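Fold the following and give me the result.
(one chain, ligands or ions: 2)
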Amino acid sequence: MKAKEKGKLPSSPPANPYQVSKWSGATDSETEEEAQVRIQVMQEAANRSKGIDLMIQESKKELDRRRKGVKILLLGQSESGKSSVLKNFQLAFAPRYFENERPIWKTVIQLNIISSIKTILEALKEEYESAEGHLVTPVDSSSQSAQRFLRRMRLSLSPLFFIEANLVKLLAPECTDSRDLTVRAGNGWKALLRAQRNHNPSATGTSISRRRSQTTLGNENDPSSILVAQRDDILELWQSPEVREILKRRRPHIREHPGFFMDDLARIATPNYIPTDHDVIRARIRTMGVEESHFVLERAGPGMNTDFYITDVGGSRSQRASWAPFFDDVQAILFLAPLAFNQVLDEDRRVNRLEDSLYLWKDICSNKLLANANLILFFNKRDVLVSLLESGVQVKKYVTTYDLANDVATVTKYFRDRFRTYHKKYSPDSTRPFMCYETSAIDIKAMSVLLTGVREAILRQHLREGDML
Ligand SMILES: Nc1nc2c(ncn2[C@@H]2O[C@H](COP(=O)(O)OP(=O)(O)OP(=O)(O)O)[C@@H](O)[C@H]2O)c(=O)[nH]1
Ligand SMILES: [Mg+2]
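Ligands and ions are numbered 1, 2, ... in the order given. Reported below is the predicted structural model:
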């Protein structure tokens, strides 16, 4: 009863209606205006506090989602194909995200082309400047000297190199050459390219014209029109038998460089070029740091959606120290190890790539923080191994202990056994299963089937562990 009396309204309204609730901070002398200000301040404070409560709730929810989600880490040396596998994940399970990024990859592909042109011109320069080099005249021996041809090419392509310099400055101010371009993980560089594109006034109109114009940048940063205008000259350069001859001697592995698109130039240097899925997967840009992608996989039934967090890292030696903080709490590691027995690391040319992968694998297997994680080994770049062995390159020339047949199956089994031995010897728990697949990240269909299988296996185990089945 007492409580009721307390809450009883006064029988006659007070002169100042804002003074009803004395407890709220009002004073007897408060004017109507002061009361309005006070109430407004109180309302704002209440809204702020509600906002903070919501934020705390949201971050709790996000933490809870992360705890329940599946965490996958992509590891392996530089150029092993980690970012390419991530793109395959996006294409298979987050196609809208992949679609959104397509225009960004167009610029990367164009930069990849400019890098190849620079490498070709560099080889020609070396050839013509070397005292021993026999002076051959590319293209037209009767009217032009080799040096004049080179000068003409440099001059006609100079606007392209100007745009390249602008783009490199924009994406990674510390770089000076697209061939060394390394972007920080995270979406910073993609946002920069996107912002450039959004400034483009032609990015309006129908959805098709919008899609096309969204793949172009502002003029000072867009190589498209110059690539189109110089297409015939660049093709002439790339297809010249004399240039091929020089490249064979001076840059014999140019075709194997990551992000090599010269054979696709006629298709790419066109006004309405939109990168195909395959182009996007083959586009090359080095990762620096760590990048996490979040996918939601829709499962049957309400509340059955699963969050996947996939982390991609930069693989060069100097970056490996930054991996450890991401080892905590991961369910699976996809470890990429191309069987590149004849290659050396870019960052240390004394180190064989395959040896480096084996040592890295040993480190990962023995890491106690990863004791509960599934390790899934991908012998990536199978297509490269196949063509290497088919071209007659002998494993025993590079791996002195190897004295077996030089075919794909035997070579793969030999290295699989070596990786398995390390796995068994160094895993904290010797019962941890050894899983190894031969992959080619540029084979989109096969990757989609494999990643679906991997995803389901990880998910099943995750649900079992979470006692959710
Ligand atoms: N032929 C072939 N090329 C591949 C394969 N996987 C990746 N690549 C190419 O190899 C290059 C390097 O691949 P990335 O995925 O960027 O390598 P990464 O491991 O992320 O390298 P970092 O970011 O430097 O650590 C790219 O141009 C890919 O298109 C493959 O299976 N076969
Ligand atoms: Mg990468």
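
looking at the protein, which helix or strand is least sure?
Of all the helices and strands that make up the chain, helix 2-6 has the lowest average by mean pLDDT, DSSP states H and E, namely a mean of 44.

Assign a three-state SS to the most centrally placed residue in the chain, would you?
A centroid search over the chain (CA atoms, centre = their mean) returns residue 83, at 4.2 Å, as the residue closest to the centre. At residue 83 the chain is in helix, as set by DSSP: H, G, I helix; E, B strand; the rest coil.

is it true that it touches residue 287?
Yes. Using CB atoms under 8 Å, residue 83 makes contact with residue 287 at a distance of 5.5 Å. Every C-beta, even on glycine, is put in place using the N, C-alpha and C of the backbone.

who touches both of the two?
For the pair residue 83 and residue 287, residues contacting each of them under the criterion CB atoms under 8 Å, 6 or more residues apart in numbering are residue 312.

near ligand 2, which residues of this structure show up?
Counting by CB under 5 Å from the ion, the chain comes close to ligand 2 at 83, 287.

tell me which residues of the helix of greatest length in the chain are tucked away?
The single longest helix within the chain, with elements called by DSSP state H, is helix 32-68. Residues of helix 32-68 classed as buried by neighbour count (16 or more other CB atoms under 10 Å): 35, 38.

How many residues are close by residue 188?
A total of 12 residues lie near residue 188 under the criterion other CB atoms under 10 Å.

Same question for the one 5 residues further on.
Counted with other CB under 10 Å, the burial measure for residue 193 works out to 22 neighbours.

so it sits right up against residue 104, yeah?
Yes. Contact status for residue 193 versus residue 104: in contact at 5.0 Å, counting by CB under 8 Å.

Spit out the residues that contact these two alike.
In the contact map built from CB under 8 Å, 6+ apart, no residue is linked to both residue 193 and residue 104.

Look up the pLDDT of residue 139 for me, please.
Residue 139 is assigned 50 on the pLDDT scale.

what do you get for residue 240?
91.

The residue in the stretch 1-150 of the chain that ligand 2 sits nearest to and residue 293: what is the separation?
In the stretch 1-150 of the chain, the residue found nearest to ligand 2 is residue 83; the distance is 3.2 Å by CB to the ion. Distance of residue 83 to residue 293, computed by CB to CB, to the nearest Å: 10 Å.

elements contacting the helix or strand encompassing residue 437?
Secondary structure here is read from DSSP states H and E; on that basis residue 437 sits in strand 435-438. Judged by 3 or more CB pairs under 8 Å, 6 or more residues apart in numbering; DSSP states H and E, the packing partners of strand 435-438 are strand 374-379, helix 408-426.

So what touches the last one?
Which is helix 408-426. The list of residues contacting helix 408-426 from outside it, by CB under 8 Å, 6+ apart, reads 337, 339, 341, 354, 358, 361-362, 365-366, 375, 377, 379, 382, 385-386, 389, 395, 402, 404-405, 430, 432, 434, 436, 438.

Cheers, nothing more for now.
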